[in-house]
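> Give me coordinates for this.
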Amino acid sequence: MGPIRRRGNDGHRAHRSWTFGRSGWATAMVIALLLLGFGLLWHAHQRAKFHQLTTPEIPQTTSAPMPGGQEAILLSRVALVNDAEPEFVSATVLPGIGMQLLQASLAVPEQSVQDLLASVPVSDAAQMPPDRVTSAPFHLRISTHHLREKPAGDEDLIGLSPATDAKNQTLVDGGQAAGNFGSSNSRSGVSATVEITLSGRQIDMVARATNHSEEGRFVAFEWNPRFALSAIGGNQARLYVPSHTAPGKLPGSSATGPNGKFAAEGGDALGEAPFDLHFTLLGHDYLSDGTYIRLQNGDRFYLRILGLGDSLRSVHAVNDPASHTLLLGVSSMDSSSEAEQQDQTLRPGQTMQWHLRMEVLAVKSPLGPDSAH
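Numbers count the residues shown, from 1 in each chain. This next block holds a predicted model:
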């Protein structure tokens, strides 16, 4: 029995020797792989690429260019569910270019959202000359002379100037954007503020001017929106300008146009012919808060531009079928009246305000087109 045990002991020792040998090879292989890994890391570090092995590569991006050097302000709201009335859903404002209203978008029942103004997309605005960016510019004309004379020294305080301290805030039914134009940058010593407020039924545009100089200034506020005909009903859109005087051809214009049919009750369709007309001595009825003009898109909606107080005294209407646009320039100045020139005088220390409102209302609304206020 003794020899048998020795053979058993020798076999056990042989098995342990083989296990130790196999374990030693595995350990050596692990050590070799670790050394190889450290060698690769050291090589990468020496070539200044260590961070590329430890940090994921982030693609380089550039910020979108900003019109006038300032970011555009988008005022937006959500249209009411199942609402049978048209609603404004957004307004884009450019504080870098005079707080100009670049676009106003309208949600119309059973239609897609309509962009009302014939403006370029905001993504293209920074690539274009400022005077070609917006199709609805504001102007605050300031003069030490009679406004009708329009001397070379006249100043447009808002125009294409960048606003300072531009800000925006969210409101219950939309939002508001505001910007300042300081008197330190004004030759006339006049400062101004512009506020644009979006809600479901209207967009309000308010401008205020303060005279910091020691002499009076003649001041007039203008807004010149150019509407896309496709958004307002094409050449069948009806224009109504309540006016006590027949429109006359604007001096210097080469376009001929229709007679006073747009001033008649209910107005008339734009038609296919171009026209360039000037309306003065605007009227309003007892339901209105001021003078107004109105556009009707078939049986879908009315757009009404209302001047609260004396903010709207004359209208310049230009129909341009070739470019598929309709210009409706509105002004607080009526050059036919000497008395109104005195009303437009901003005296030292005085502040003057202009308030324009663009309203939308369904044609079949029980309130009627002249009750949207």
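
> Gln127: neighbouring residues, count only.
Neighbour count for Gln127, taken as other CB atoms under 10 Å: 10. All C-beta spots, glycine's among them, are computed from the backbone N, C-alpha and C.

> ugh, wrong one, Glu110
Summarising burial for Glu110: neighbours were counted as other CB under 10 Å, giving 6.

> Now do the phi/psi pair for it.
For Glu110, the backbone dihedrals (degrees, to the nearest 10) come out as phi 70, psi 20.

> Any idea what Asp115 is bridged to?
Asp115 has the following beta-bridge partners by DSSP bridges: Ser105.

> Which residues are in contact with it?
Neighbour list for Asp115: Gln103, Ala104, Ser105, Ala228, Ala231 [criterion: CB atoms under 8 Å, 6 or more residues apart in numbering].

> Could I get the full set of helices for the stretch 1-150 of the chain?
With DSSP state H, counting those that start in this stretch as the criterion, the stretch 1-150 of the chain has helices at 2-46, 50-54, 122-125.

> Out of those helices, name the one with the poorest average pLDDT.
Taking each of the helices of the stretch 1-150 of the chain in turn, the lowest mean pLDDT turns up on helix 50-54, with a mean of 42.

> ok, back up a step: between the contacts of Asp115, which has the most around it?
With neighbours defined as other CB under 10 Å, the most crowded of the contacts of Asp115 is Ala104; it has 26 neighbours.

> And that one, how close does it get to Gln169?
For Ala104, the distance to Gln169 equals 18 Å [CB to CB, to the nearest Å].

> Could you do Ser90 as well?
As judged by CB to CB, Ser90 and Gln169 stand 15 Å apart.

> same check, this time on Gly159
Using CB to CB, Gly159 is found at 25 Å from Gln169.

> More neighbours: these two, which one.
Of the pair Gly159 and Gln169, Gly159 is the one with more neighbours under other CB under 10 Å, namely 17 against 10.

> Excluding covalently adjacent residues, which one is nearest to the more buried one?
Gly98 (5.3 Å; CB to CB, 6 or more residues apart in numbering).

> and that neighbour, how many neighbours does it have?
Using other CB under 10 Å, Gly98 is surrounded by 28 other residues.

> re earlier: using JSON lines, lay out the contacts of Asp115 together with distance to Phe275.
Below are the contacts of Asp115 laid out as JSON lines (distance: CB to CB, whole Å):
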{"residue": "Gln103", "distance to Phe275": "25"}
{"residue": "Ala104", "distance to Phe275": "24"}
{"residue": "Ser105", "distance to Phe275": "27"}
{"residue": "Ala228", "distance to Phe275": "18"}
{"residue": "Ala231", "distance to Phe275": "19"}
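
> how about low-confidence regions in the stretch 101-250 of the chain?
By pLDDT under 70, the weakly predicted segments of the stretch 101-250 of the chain are 135, 144-154, 185, 244-250.

> which stretches of it form strands?
Taking DSSP state E, counting those that start in this stretch as the test, the strands found in the stretch 101-250 of the chain are 114-115, 138-143, 155-156, 164-171, 174-181, 190-198, 202-211, 217-223, 226-228, 238-240, 248-249.

> Same question for stretch 79-95: list its buried residues.
Ala79, Glu85, Pro86, Glu87, Phe88, Val89, Ser90, Ala91, Thr92, Val93, Leu94, Pro95 (16 or more other CB atoms under 10 Å).

> Regarding it, how distant is the last residue from the first?
Using CA to CA, to the nearest Å, the span of stretch 79-95 from its first residue to its last is 25 Å.

> same deal with stretch 263-282?
Distances were taken as CA to CA; on that basis the terminal residues of stretch 263-282 are 9 Å apart.

> ok, now stretch 110-130?
Chord length of stretch 110-130, first to last residue, is 36 Å (CA to CA).

> Use 58 as the first number for this chain going forward.
Okay, residue one is now 58; in that scheme the one you just asked about reads as stretch 167-187.

> Any buried residues in it, and which?
Of the residues in stretch 167-187, those buried by neighbour count under the rule 16+ other CB under 10 Å are Gln171, Asp172, Leu173, Leu174, Ala175, Ser176, Val177, Val179, Ala182, Ala183, Pro187.
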